[in-house]
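1. model the following, please.
(chains A and B)
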Number of protein chains: 2
Amino acid sequence: MRAGSTHSDVAVVGGGIIGLVTAWRAAQRGLSTTVIDPEPGGGAARVAAGMLAAVTELHYGEEALLALNLASSARYPDFVAELEKASGQETGYRPCGTLAVALDADDRAHLRELHALQQRCGLESQWLTGRECRRLEPMLAPSVRGGLRIDADHQTDPRRLATALLLACERAGVVFRRAAAAELTVERGRAAGVRLDDGTRAEAGQTVLAAGSWTSRLAGVPEGLLPPVRPVKGQVLRLRMPRRDGTYGPFLSRTVRAVVRGGSVYLVPRANGELVIGATSEELGWDTTVTAGGVYELLRDAHELAPGVTELPLTETSAGLRPATPDNAPVIGPTALPDLRLAAGHYRNGVLLTPVTGDAMGELLATGELPEVARAFTPERFGGDEAALPSAQVPYGSEQSKHGEPQERSA
Amino acid sequence: MRAGSTHSDVAVVGGGIIGLVTAWRAAQRGLSTTVIDPEPGGGAARVAAGMLAAVTELHYGEEALLALNLASSARYPDFVAELEKASGQETGYRPCGTLAVALDADDRAHLRELHALQQRCGLESQWLTGRECRRLEPMLAPSVRGGLRIDADHQTDPRRLATALLLACERAGVVFRRAAAAELTVERGRAAGVRLDDGTRAEAGQTVLAAGSWTSRLAGVPEGLLPPVRPVKGQVLRLRMPRRDGTYGPFLSRTVRAVVRGGSVYLVPRANGELVIGATSEELGWDTTVTAGGVYELLRDAHELAPGVTELPLTETSAGLRPATPDNAPVIGPTALPDLRLAAGHYRNGVLLTPVTGDAMGELLATGELPEVARAFTPERFGGDEAALPSAQVPYGSEQSKHGEPQERSA
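-> Model prediction:
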């Protein structure tokens, strides 16, 4: 082994919340684990609002993803309890529920459809009149015409979650290599870790790519092996709610959201007084600029939803990149290259899917078997290009690799 | 003299641009000079847009202020040349002119009145149709219905100006005491410097209060002596213009401004690519919070003026306090307390009035005589309450102190 290089059972490329939960779960299984990231604990979670919106973000044709989202949502209370104990750090988990409201007749028709779809899927939500919405949340605009009360969709603070995962990893013995992964190393037809940009290596028995939007950009990965993961920019604002009577309840007590002019806007009130307003959705490549237009639209739409937001201090503007796959669902599991695993592409659901992804990846790394709940989300569904592999290679888990041509679907 | 205390000919309380230019001019006259400020070079200039808008900001009934503004505007090129040479630092002075536009019939009527008033005052400005406005500035909205071209109103970068003044002061031998002034010291009926919050003293033959909005809050000043100076909050945004063909011209080439929904909005394009959007005007005491509503209104109004601003990166939001007097004009000159001088209350015109204020204060401090140009702006016009002075005191410059009851005028 070269000077400065390390060897471990598992090397995780990417220290965002998905990489960290994977590393934590692997270390708990007794696997020696290394995380490679110049700034672990960063990534999209530094920007994300942290809605746990399995029921609210239900879309036609995404029933498989719904099952995964619900499974992760159900695990959240236990996951948070375990993580907070392991890390000694709060995660800001707040079981506050969500209110999705409509500002005009079109919005209301759209929400009615969502309500019907939720009922067909056996999900609980309650239709409220505009007056009932304002009784729940008095800061809502008089123009709110109705809404859906979804008591199962909660929130957590992704920054605190990331910090807690980082501490839990450290306490579980995970090693952090604070450098960028430059290239996957492939030896004898198997993934063998990565070369870092400082010239050293992180060698490993199993290598996990969990680098969010950057996942499919790592050099050294055989072409066509990975599904495309593309960045979808989101701009987010942070405001501060006034403290009254010892709580922040008087401004908003639960997540409030709406579709305004075709874009989704949500207001997520934290227990610590932070009010997060998100988010734009922009296909602009790797750009993470906060623009005048993004901030303007968020403020305009939030003002329409709850006019009182204009009184609140604006404390932060930021932009992050959601890692999106062609079908909006994550890729979790083995790849056609032996010893290379994937946990990426969580798009809008990274915070929600952290518990189930950690459990699935821990199981896969420890036993070689992916749990049933995650099997619909292996990279295989996009077709991993075996032809791209060196002829000497035997695809890992060949029963999972009977795929045809790569399917290119646009979202 | 106590340990840590200093004595100088002149002590200037406040290291904003007005305090700094006063200190620089005093030092140039051979007076030993001390500036007292925890953060010299800060103050309202850190936020201000830096418009030099003598002609554009003409108001009915402010003809005296117009004369002072024009005098300072005329001195700007020489002032900048001298300051840049003395400091070795650029000031961002940009003789680019201003275009004031109207977005509806009311705005146009308002601008027509301003045009007539300007003509009566012998000022140059040119009426343009909406099409002519867009020919000058192609980024303007199609809804622009006309405007006034004012080629004499330029801009400078107040942050660079403050830095240049700081360097010029240091090079001229000005001493900086980086602490807050706690109390004016009055000895034998005369101002004798200030006590600092670290317990030391800055003793001086002449004491200048140049602390912007804080000027009338200094302890130890006889009650009723100073005119009221109140803070008027302004929120300001900074955007970044794209660089094309080696210049930033393609976005905006001059200051563009309008009155939108009763509030003034202006876009000030710097030579270095910064685009400053200002400003709210809020009477909220000492609050300097950046609010969601302030940012929203500026972006909304700027977007109405030049829709393309939404594409630009938003790099900074900030809020500052304009020091306003009851008649919107500065207070420059002696007070009824011997050896106490004032240079404050410059409200919207601090950057513009920096050259003439420096010249007037330098002359006053060196010779005891205020130049003709500044004589209409002594504190005397508000009535300095001599009755508040200890009976032993002989008012300084008694010919300037024949005043009656304090006049309380609200702006």
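2. how about the residue nearest the centre of chain A, phi and psi?
-> Residue closest to the average C-alpha location in chain A (C-alpha atoms, centre = their mean): A:G350, at 1.0 Å. Main-chain torsions, A:G350, degrees, to the nearest 10: phi -60, psi -40.
3. helices of the stretch 1-150 of chain A, start to end?
-> Assigned by DSSP state H, counting those that start in this stretch, the stretch 1-150 of chain A shows helices spanning A:17-28, A:63-87, A:105-120, A:130-136.
4. so what's the closest residue to chain B within the stretch 101-250 of chain A bridging to?
-> Going by C-beta to the nearest C-beta, chain B is nearest to A:L239 of the stretch 101-250 of chain A, at 5.5 Å. The C-beta positions use only the backbone N, C-alpha and C, and glycine is treated the same way. Note on A:L239: beta-bridge partners by DSSP bridges are A:L275, A:L314.
5. residues contacting it?
-> Counting by C-beta atoms under 8 Å, 6 or more residues apart in numbering or on different chains, A:L239 touches A:E274, A:L275, A:V276, A:I277, A:V309, A:L312, A:P313, A:L314, A:T315, B:A292.
6. with adjacent residues omitted, what lies nearest to A:A182?
-> Leaving out its chain neighbours, the residue that sits closest to A:A182 by C-beta to C-beta, 6 or more residues apart in numbering or on different chains is A:D197, at 4.4 Å.
7. ok, that neighbour - contacts?
-> By C-beta under 8 Å, 6+ apart, the contact list for A:D197 reads A:A179, A:A180, A:A181, A:A182.
8. now do 10 Å
-> Contact analysis of A:D197 by C-beta atoms under 10 Å, 6 or more residues apart in numbering or on different chains lists A:I36, A:P38, A:A179, A:A180, A:A181, A:A182, A:E183.
9. widest-spaced pair of those residues?
-> A:P38 and A:E183 (15.3 Å; C-beta to C-beta).
10. what parts of chain A come near chain B?
-> With C-beta under 10 Å from any C-beta of the partner chain as the criterion, chain A comes near chain B at residues A:235, A:237, A:239-240, A:275, A:277, A:287, A:289-300, A:302-303, A:307-317, A:319.
11. for PyMOL, what selects the buried ones among the residues you listed?
-> Buried members of the residues of chain A next to chain B, defined by 16 or more other C-beta atoms under 10 Å in any protein chain shown, are picked up in PyMOL with:
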select buried, chain A and resi 235+237+239+240+275+277+289+290+291+292+293+294+295+296+297+298+299+300+302+303+308+309+310+312+313+314+317+319
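12. so which of the residues of chain A next to chain B belong to helices?
-> Counting by DSSP state H, the residues of chain A next to chain B place A:A292, A:G293, A:G294, A:V295, A:Y296, A:E297, A:L298, A:L299, A:R300, A:A302, A:H303 in helices.
13. just the pLDDT at the third one, thanks.
-> In this prediction, A:G294 carries a pLDDT score of 97.
14. what separation is there between it and B:L314?
-> Distance, A:G294 to B:L314, by C-beta to C-beta, to the nearest Å: 8 Å.
15. so what sits against both of those two?
-> A:Q235, A:T317, B:L299.
16. surely the second one and A:V276 touch.
-> No - A:T317 is beyond contact range of A:V276, at 11.4 Å (criterion: C-beta atoms under 10 Å).
17. which residues in the stretch 101-250 of chain A form strands?
-> A:126-129, A:146-150, A:154-155, A:175-177, A:181-187, A:190-196, A:201-209, A:230-240 (DSSP state E, counting those that start in this stretch).
18. is it possible to export those strands to a markdown table including mean pLDDT?
-> Shown next, in a markdown table, are the strands of the stretch 101-250 of chain A (pLDDT from 0 to 100):
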| stretch | mean pLDDT |
| --- | --- |
| strand A:126-129 | 98 |
| strand A:146-150 | 97 |
| strand A:154-155 | 97 |
| strand A:175-177 | 98 |
| strand A:181-187 | 97 |
| strand A:190-196 | 97 |
| strand A:201-209 | 98 |
| strand A:230-240 | 97 |
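19. using CSV, lay out those strands together with distance to A:T357.
-> As requested, the strands of the stretch 101-250 of chain A are exported to CSV (distance: least, C-beta to C-beta, whole Å):
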stretch, distance to A:T357
strand A:126-129, 30
strand A:146-150, 23
strand A:154-155, 18
strand A:175-177, 20
strand A:181-187, 19
strand A:190-196, 19
strand A:201-209, 11
strand A:230-240, 19
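20. and A:R29, which of the ones you listed is closest to it?
-> Proximity to A:R29 (C-beta to C-beta) singles out strand A:201-209 among the strands of the stretch 101-250 of chain A, at 11.6 Å.
21. quick check: angle from the closest one to helix A:17-28?
-> If you take axes from the mean of the first three to the mean of the last three C-alpha atoms, to 10 degrees, strand A:201-209 sits at 110 degrees to helix A:17-28.
22. helices or strands up against strand A:201-209?
-> Packing contacts for strand A:201-209, counted by 3 or more C-beta pairs under 10 Å, 6 or more residues apart in numbering or on different chains; DSSP states H and E, involve strand A:6-13, helix A:17-28, strand A:33-36, strand A:175-177, strand A:181-187, strand A:190-196, strand A:340-344, helix A:354-367.
23. so who does the nearest residue to A:G14 once chain neighbours are set aside touch?
-> The spatially closest residue to A:G14, leaving aside those adjacent along the chain, is A:A211, at 3.6 Å (C-beta to C-beta, 6+ apart). By C-beta under 10 Å, 6+ apart, A:A211 lies in contact with A:12-16, A:18-19, A:36-37, A:43, A:180-181, A:217-218, A:229, A:323, A:342-344.
24. now list the buried members of the residues you listed.
-> The buried subset of the contacts of A:A211 (16+ other C-beta under 10 Å) comprises A:12-16, A:18-19, A:36-37, A:43, A:180-181, A:218, A:229, A:323, A:342-344.
25. residues contacting A:T291?
-> Residues counted as contacts of A:T291 (C-beta under 10 Å, 6+ apart) are A:233, A:235, A:280, A:282, A:284, A:297, A:317, A:319, B:239-240, B:309-314.
26. doesn't A:E39 make contact with A:R177?
-> No - between A:R177 and A:E39 there is no contact under C-beta under 10 Å: 11.9 Å.
27. mind checking which of the strands of the stretch 101-250 of chain A is nearest A:R108?
-> Of the strands of the stretch 101-250 of chain A, nearest to A:R108 by C-beta to C-beta is strand A:146-150, at 5.2 Å.
28. perfect, that will be all.
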